[in-house]
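Enquirer: Need coordinates for the following:
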Amino acid sequence: MKVGDLVARAYAWPELVSGIIVEEHEDTMKVENHPTDVWKYNEITFDIAWSDGSMSTEMLEELEFLKDVIDEDQ
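Expert: Coordinates of the predicted model:
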């Protein structure tokens with residue numbers, strides 16, 4: 001997924017609300033107090049502008065492409 005993609009929430013929500021990815025963030029996460037970098041990983045999150053006027057930050061696993069959600073409903 002990338003900035004500009006149309007998305008929907010992948011988790012249970014009372015209604016289908018479409019959104020657009022407006023920003024992508026990549027942060028390096030590390031387990032605290034671990035002496036090596038073995039427990040380091042990159043976490044990608046997206047800022048979403050939802051069609052209901054709200055904004056949220058979502059992980060990749062929390063999103064689906066809007067076209068895929070619409071295709072499932074037909």
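Enquirer: Now tell me which helix or strand of this protein has the poorest mean pLDDT.
Expert: Using mean pLDDT, DSSP states H and E, helix 66-73 stands out as the lowest-scoring helix or strand of the chain, at a mean of 83.
Enquirer: Which residues outside it are in contact with it?
Expert: When contacts are defined by Cβ atoms under 8 Å, 6 or more residues apart in numbering, helix 66-73 is touched by residues Leu6, Val7, Ala8, Leu16, Ser18. Quick note: C-beta positions are derived from backbone N, CA and C, even for glycine.
Enquirer: Could you measure from the fourth one over to Val31?
Expert: Using Cβ to Cβ, to the nearest Å, we find Leu16 at a distance of 37 Å from Val31.
Enquirer: And the strands in this protein?
Expert: Taking DSSP state E, the strands of the chain run over residues 6-9, 19-30, 40-50, 55-59, 63-65.
Enquirer: most packed of those?
Expert: strand 6-9 (a mean of 19; mean count of other Cβ atoms under 10 Å).
Enquirer: what about this protein, any weak spots by pLDDT?
Expert: Low-confidence segments of the chain (pLDDT under 70): 34, 36-37, 72-74.
Enquirer: try 80
Expert: The model of the chain has pLDDT under 80 over residues 13, 31-40, 72-74.
Enquirer: re the thing from before, which positions in the least confident helix or strand of the chain come out as buried?
Expert: Along helix 66-73, these residues count as buried under the neighbour rule (16 or more other Cβ atoms under 10 Å): Leu66, Val69.
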